[in-house]
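Chemist: This is a predicted model, with the sequence first.
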Amino acid sequence: MKRRTLPAVAALAATAALLLTACGGGDDEGSDNDKIAGAHQGTRTPTASASASGAPAADKPDGVDVSLPKDVNLVFDWKKPKDTNEAAAMDDAANFLRAIYRGVDKRTTKDAAVATYATDGGLKYADTQINAYIEGGWTVIGTRRHYDATTRSATNGKSVEVAFCSDSSKFYGKETKTGKVLKTDPSIKDFDYFKIIMVKYPTSTDLWQASKVYVETGATKCQ
């Protein structure tokens with residue numbers, strides 16, 4: 001396993017299944033162009049976690065725990081936009097990624113954080129990521145940095161595209177049975193470009209969920 005978000009084969013499969021068109025400013029949220037080939041359209045209801053904390057309280061609606069092990073550090077090196085909705089969507093895009101690696105650590109796709117911060121294609125993406133690590137017998141260790149973030153709102157105010165780069169050059173796979181850290185030489189494969197479509201949860205004023213995910217692997221623009 002290389003130092004990547006997923007083993008190479010699983011990463012390609014996940015990317016192929018979750019390609020999406022850009023979030024057009026005038027598109028209706030429910031249009032056919034917004035659906036993802038290969039991704040189920042099911043949802044999970046956000047669920048409060050019994051334990052609390054790790055991340056700032058403002059990032060955890062209903063007490064949902066998005067904390068990670070001390071040896072896993074997701075750095076979000078970006079400035080929040082002035083727009084309130086876009087700032088909230090950016091915060092919860094970060095929580096979506098925390099939820100994925102919390103699921104990897106807990107060895108389950110059913111953690112409350114995943115159910116809270118993912119829906120539709122985002123849920124499919126999270127499940128694929130987590131299951132690949134579980135099936136491979138891996139977890140993660142180290143630091144992954146996220147930067148150069150931009151946001152773009154749909155005109156209906158119900159969805160926000162959050163785009164950013166990630167650097168995994170200090171983020172490693174680790175065998176769960178042996179504790180062996182799996183390292184490779186730094187390369188372009190350490191850099192990815194994400195676009196995540198965040199949608200506002202219908203009954204919440206401040207919760208946004210990842211509904212679609214696009215990942216460009218080996219992104220030269222992120223070097």
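Modeler: Perfect, thanks for sending it.

Chemist: Which secondary structure elements does the longest helix anywhere in the chain sit against?
Modeler: Looking across the chain with DSSP state H, the single longest helix is helix 84-106. Here helix 84-106 touches strand 72-77, helix 112-117, helix 120-136, strand 138-153, strand 159-175, strand 191-200, strand 208-217, going by 3 or more CB pairs under 8 Å, 6 or more residues apart in numbering; DSSP states H and E. To be clear about C-beta, it is placed using only N, CA and C from the backbone, and glycine gets the same treatment.

Chemist: Can you name the residues that contact the most centrally placed residue in the chain?
Modeler: In the chain, the centroid-proximal residue (CA atoms, centre = their mean) is residue 97; its distance is 3.3 Å. The neighbours of residue 97, taking CB atoms under 8 Å, 6 or more residues apart in numbering as the test, are 74, 146.

Chemist: show me the contacts for the residue of the chain positioned farthest from its centre.
Modeler: Largest separation from the mean C-alpha position in the chain: residue 178, at 27.0 Å (CA atoms, centre = their mean). Residues near residue 178 by CB under 8 Å, 6+ apart: none.

Chemist: Wasn't it part of a strand?
Modeler: No. Under DSSP: H, G, I helix; E, B strand; the rest coil, residue 178 falls outside any strand and is assigned coil.

Chemist: low pLDDT regions in the protein?
Modeler: Confidence mapping of the chain against pLDDT under 70 gives the ranges 1-62, 205.
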